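Participant: Sequence first, then the predicted structure, then my questions.
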Amino acid sequence: MATAIVNPLVQEILDLVGIFAFALSGALLAVRKRFDAVGIVVLAEVTALGGGLFRDLVIGAVPPVAFTNVAYFTTPLVAAIVVFFWHPRLARIRRFVMFFDAVGLGVFCVAGSIKALNYGMHPLAAIALGAATAIGGGAARDVLAGEIPALLHPKSEIYAVPALLGSALVSILAVAGVLTPITSSLAALLAIVIRLLALRYGWRAPLARGTGSA
Amino acid sequence: MATAIVNPLVQEILDLVGIFAFALSGALLAVRKRFDAVGIVVLAEVTALGGGLFRDLVIGAVPPVAFTNVAYFTTPLVAAIVVFFWHPRLARIRRFVMFFDAVGLGVFCVAGSIKALNYGMHPLAAIALGAATAIGGGAARDVLAGEIPALLHPKSEIYAVPALLGSALVSILAVAGVLTPITSSLAALLAIVIRLLALRYGWRAPLARGTGSA
Amino acid sequence: MATAIVNPLVQEILDLVGIFAFALSGALLAVRKRFDAVGIVVLAEVTALGGGLFRDLVIGAVPPVAFTNVAYFTTPLVAAIVVFFWHPRLARIRRFVMFFDAVGLGVFCVAGSIKALNYGMHPLAAIALGAATAIGGGAARDVLAGEIPALLHPKSEIYAVPALLGSALVSILAVAGVLTPITSSLAALLAIVIRLLALRYGWRAPLARGTGSA
C-alpha cells in the first residue's frame, strides 16, 4: 500500500538521531542507577534498538535492521561512551536530551508505522506497531533497570499518546492515499510537538475514578 | 498431524472470551497499581496477547494473529475501557473475573498446543508452547507492573500446572490419533476444572525442602 | 562464510553442558527466592534457553532449536529436579556451579556467533549475537526473579566482557578465514579462562566518573 515515502538517506539520518537520543536516555539512567560500563552499554543498546527489534520480529523483517545496519548498533555505543566520560555535563543539559528524545519518539512512531504498512499490515495494526516501535525500547530499559516503565504510571507526562497520534495519522494518510514525504513529516512533527507541549505544561493521562493520589 | 479440529468460529469466540478475561485481569492490576489510562490499556493488551504472540514468533506464524485479527487487539481495548469506568464494581465481582480467567487458561493452553502441532512442532514442544500461550501474558503483565510473576511463587494457587495438563492431554490425543473437537474440548475443560478446584481448595505447588515459610 | 566447524556431536554435548549449568543457576536462584516447584522449573528453562531463543528469533532460525531438539528442553527439567531434591548440597558446591556456568558462557558465546555467521550475519552483528546468546538467559532469569540483571551492576564480576571477547575472536577468525574446530575451541577457552580469572581476582567493569560507592 505505502511505498518508500521518505528519501531513504533522510530517513536513515532521522532514525540515527532518534537512536542516539534514545541511547543517551538509556545510558543516563544506567549512570543514575550506578551501573558499570557494561550496564551503560547494554541499556543504551536496548533503549535505542528494542522497539524496532520488536516491530521487525512481529512483521517478519528478519534479521531485524538493528542487526543488519552496522550504524544502528554502533550509534548507541558512541552514546554510551559520551555518557561514560561526560555524564555530569549531560545531566545539566537534561532539557537538551528530552528534546532529542521527543524527536526520536516522533521519527520512530512514523517510521515504524510506515514499515508495518510496507509489510502489508492492517492500518490498525500499523498504529499499534508504530507506537510499539517508539515506546518499546524505553519500556525494556525501565524493566531491565528494575523500574516500572515510565509510560504506565501518572508520574510522567504522556509519552505513548503522542506516539499513537503520530502513528494513527500515518495510517489515516495511507488509507486516504495521501501518504507522502511531506505529510509523513507532518505526522512526525505532530507527535514531537505534542510530546514537547506535554513536557512544558505537565500533561498527564487520566486516572481511573477513585485511584487519585488523594 | 493435527488439523483444524474445532469449528473455526467456535474457536475464535472461545479465544475472544479468554482474551477478554485476561485483559480484565491486566487492567485491574493496572488500577490497583494506580497506573494511568495508558498503563491500563498497555497492561490489558500485554496480558491478553503476550502469550499467543510468543507462541507465534516461536513457531514462525508471522505476523502473529494478535496483529492480523483486528478483534484480537480491539477486545483488550474494550476490557480496558470497562475497567477504567466501572472498576469498583468489578472488584466486587472478583470471583467472576477469576472464573473467566480460568476459562481463558483452559482455552489458551489447548488452542496453543493445537496451533503448535499444526505447525509441525514435536508433541513435547507443543506441550511447552501450549502452556506458554496460557501463562506468558500473565507473566509479562506482572513483570511490567514491577511484580514477581504470580506463577513462580507459592503465594498463589497452581496456574501453570493445569495449563501443562491441558496441553499434555492435547499432545497425547494427537499422538494417539484421537484429537477431535470433542476430545480437545475435554482437554480445555480438564484445565479449567483443575484451576477452579485449585482456587477453591488452595492447591499450591510444593516447595523445595528447607524453604518453607517457617 | 563459516561452515559447521565443530563436530556436531561434540557441539551438542558442549551445548548440553552449558544448558545444564545455566539451568542449575536458574533453579538455585528460584530456591533462594523461595519460589515453588513451578518457579524452579520455569527459571531453569528460561536461564538455559533464553539466550539461544533470542538469537534464533533474530537470525530467523525458526522454530528455535530450544523447541526442536528435545534434549535442549528436557535437560533444564533434570537440573530443576536435581536442585529441588538436593539443593542444600549444591549450595555447598557453589564453586562447582560457577565453574560450569563459566563453561556454559564460553560455549554459548562461541556457538552463538558461529550460528549467526552461518546465517549470513555481519561479523559485528555476530559478536553481539554471540554475547546475547551467552548472557540473555541470565538476564531474563534475573528480571523474572525481580532482580536487576547481575551483568549490569558493579556488584558482580565481569560476565558480558568475556562473552564479547570470545565472540569477537570467532568473528576475527572467520574474517581471516581460519575459523576451525581448534581455533573456535580456543575462543571458547579464552572466554572461560577470563571469566574464571574475573571470579578469582574480583575483576569488575569500571564505573563512570563520580558514581563510585564512596
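Facilitator: Structure's in. What do you need?

Participant: Which helix or strand contains the spatially most central residue of chain A?
Facilitator: Nearest to the geometric centre of chain A sits residue A:134, at 3.0 Å (CA atoms, centre = their mean). Using DSSP states H and E, residue A:134 maps to helix A:123-144.

Participant: Quick check: next helix or strand after that helix?
Facilitator: Next element after helix A:123-144 (DSSP H and E): helix A:160-175.

Participant: pLDDT below threshold where in chain A?
Facilitator: Along chain A, the parts satisfying pLDDT under 70 run over A:1-7, A:91-93, A:212-214.

Participant: rewinding a little: buried residues, the helix holding residue A:134. List them.
Facilitator: Buried residues in helix A:123-144, defined by neighbour count with 16 or more other CB atoms under 10 Å in any protein chain shown: A:123, A:125-144. (Each C-beta comes from the backbone N, C-alpha and C, glycine too.)

Participant: angle of it against helix B:123-144?
Facilitator: Put simply, helix A:123-144 runs at 70 degrees to helix B:123-144, going by axes from the mean of the first three to the mean of the last three CA atoms, to 10 degrees.

Participant: helices and strands around helix A:123-144, which ones?
Facilitator: helix A:8-32, helix A:37-59, helix A:94-118, helix A:160-175, helix B:65-68, helix B:70-92, helix B:123-144, helix C:123-144 (3 or more CB pairs under 8 Å, 6 or more residues apart in numbering or on different chains; DSSP states H and E).

Participant: Export those as CSV, with columns for distance to residue C:71.
Facilitator: CSV is the format used below for these (distance: least, CB to CB, whole Å):
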stretch, distance to residue C:71
helix A:8-32, 37
helix A:37-59, 26
helix A:94-118, 38
helix A:160-175, 42
helix B:65-68, 30
helix B:70-92, 35
helix B:123-144, 11
helix C:123-144, 16
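
Participant: Please name the residues that touch residue A:146.
Facilitator: A:33, C:147-148 (CB atoms under 8 Å, 6 or more residues apart in numbering or on different chains).

Participant: Show the buried residues in those residues.
Facilitator: By 16+ other CB under 10 Å, these give A:33, C:148 as buried.

Participant: now, which of the contacts of residue A:146 sits nearest residue A:104?
Facilitator: Lowest distance from residue A:104 to the contacts of residue A:146 (CB to CB) belongs to residue A:33, with 20.9 Å.

Participant: Nearest residue to that closest one in space, please, no chain neighbours.
Facilitator: residue A:145 (5.4 Å; CB to CB, 6 or more residues apart in numbering or on different chains).

Participant: quick one: contacts for residue A:70?
Facilitator: Contacts of residue A:70 were listed using CB under 8 Å, 6+ apart, and they are C:122, C:124-125.

Participant: 6 Å - rerun?
Facilitator: The neighbourhood of residue A:70, defined by CB atoms under 6 Å, 6 or more residues apart in numbering or on different chains, consists of residue C:124.

Participant: what's the neighbour count on the nearest residue to residue A:100 once chain neighbours are set aside?
Facilitator: Distance criterion CB to CB, 6+ apart; nearest residue to residue A:100, sequence neighbours excluded, is residue A:21 at 3.3 Å. Around residue A:21 there are 25 other residues, counting by other CB atoms under 10 Å in any protein chain shown.

Participant: List the contacts of residue A:21.
Facilitator: By CB under 6 Å, 6+ apart, the contact list for residue A:21 reads A:100-101, A:104.

Participant: what about residue A:182, how many residues close to it?
Facilitator: Neighbours of residue A:182 under the rule other CB under 10 Å: 10.

Participant: try the one 5 residues further on
Facilitator: Neighbour count of residue A:187, defined by other CB under 10 Å: 25.

Participant: From chain C, how far off is it?
Facilitator: 29 Å (CB to the nearest CB, to the nearest Å).

Participant: which bits of chain A sit near chain B?
Facilitator: A:57-60, A:124-125, A:148, A:152-154, A:160, A:205-208, A:211 (CB under 6 Å from any CB of the partner chain).

Participant: Among those, name the buried ones.
Facilitator: Here, 16+ other CB under 10 Å leaves A:57-60, A:125, A:148, A:152-154, A:160, A:205, A:207-208, A:211 buried among the residues of chain A next to chain B.

Participant: Can you verify residue A:203 is assigned to a strand?
Facilitator: No. The assignment for residue A:203 (DSSP: H, G, I helix; E, B strand; the rest coil) gives coil, which keeps it out of a strand.

Participant: close enough to count as contact, it and residue A:158?
Facilitator: Yes. Between residue A:203 and residue A:158 there is a contact under CB atoms under 6 Å: 5.3 Å.

Participant: Same drill for the two, tell me which one is more crowded.
Facilitator: More neighbours surround residue A:158 than the other of residue A:203 and residue A:158, with 23 against 14 (other CB under 10 Å).

Participant: now the angle from the helix holding residue A:134 to helix A:37-59?
Facilitator: 160 degrees.

Participant: Restricting to C-alpha, output helix A:123-144 in PDB.
Facilitator: The C-alpha trace of helix A:123-144 is given here as PDB (Å, rounded to 0.1, in the frame of the first residue of the first chain):
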ATOM      1  CA  PRO A 123      -3.700   0.100   9.200                       C
ATOM      2  CA  LEU A 124      -4.900  -0.500  12.800                       C
ATOM      3  CA  ALA A 125      -2.100  -2.900  13.400                       C
ATOM      4  CA  ALA A 126       0.300  -0.400  11.900                       C
ATOM      5  CA  ILE A 127      -0.800   2.100  14.500                       C
ATOM      6  CA  ALA A 128       0.000  -0.300  17.300                       C
ATOM      7  CA  LEU A 129       3.300  -1.300  15.800                       C
ATOM      8  CA  GLY A 130       4.300   2.400  15.200                       C
ATOM      9  CA  ALA A 131       3.600   3.200  18.800                       C
ATOM     10  CA  ALA A 132       5.400   0.000  19.900                       C
ATOM     11  CA  THR A 133       8.500   1.000  17.900                       C
ATOM     12  CA  ALA A 134       8.600   4.300  19.700                       C
ATOM     13  CA  ILE A 135       7.900   3.200  23.200                       C
ATOM     14  CA  GLY A 136       9.200  -0.400  23.300                       C
ATOM     15  CA  GLY A 137      12.800   0.400  23.900                       C
ATOM     16  CA  GLY A 138      12.100   2.800  26.800                       C
ATOM     17  CA  ALA A 139       9.900   0.100  28.400                       C
ATOM     18  CA  ALA A 140      12.600  -2.500  28.100                       C
ATOM     19  CA  ARG A 141      15.100   0.000  29.500                       C
ATOM     20  CA  ASP A 142      13.000   0.600  32.600                       C
ATOM     21  CA  VAL A 143      12.300  -3.100  33.200                       C
ATOM     22  CA  LEU A 144      16.000  -4.000  33.000                       C
END
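
Participant: My read is that residue A:204 contacts residue A:155, right?
Facilitator: No. Under the criterion of CB under 6 Å, residue A:204 makes no contact with residue A:155, lying 8.3 Å away.

Participant: neighbour-wise, which of those two wins?
Facilitator: For residue A:204 versus residue A:155, the count of surrounding residues by other CB under 10 Å is larger for residue A:204: 17 against 11.

Participant: For the closest residue to that one other than its chain neighbours, grab phi and psi.
Facilitator: Distances taken as CB to CB, 6+ apart place residue A:154 nearest to residue A:204, at 5.2 Å, with adjacent residues excluded. When read as degrees, to the nearest 10, the backbone of residue A:154 gives phi -80, psi 10.

Participant: can you check the one 3 residues further on too?
Facilitator: Residue A:157 adopts backbone torsions of phi -60, psi 160, taken as degrees, to the nearest 10.

Participant: give me every residue that touches it.
Facilitator: Contacts of residue A:157 by CB under 6 Å, 6+ apart are A:198-199, A:203.

Participant: make it 7 Å
Facilitator: Counting by CB atoms under 7 Å, 6 or more residues apart in numbering or on different chains, residue A:157 touches A:198-199, A:202-204.

Participant: how about the residues of chain A near chain C?
Facilitator: Within chain A, the positions adjacent to chain C are A:31, A:34-40, A:42, A:57, A:62-64, A:67-68, A:70, A:73, A:84, A:87-88, A:143-146 by CB under 7 Å from any CB of the partner chain.

Participant: Give me the buried subset of these.
Facilitator: Buried members of these, scored by 16+ other CB under 10 Å, are A:31, A:34-40, A:42, A:57, A:62-64, A:67-68, A:73, A:84, A:87, A:143-146.
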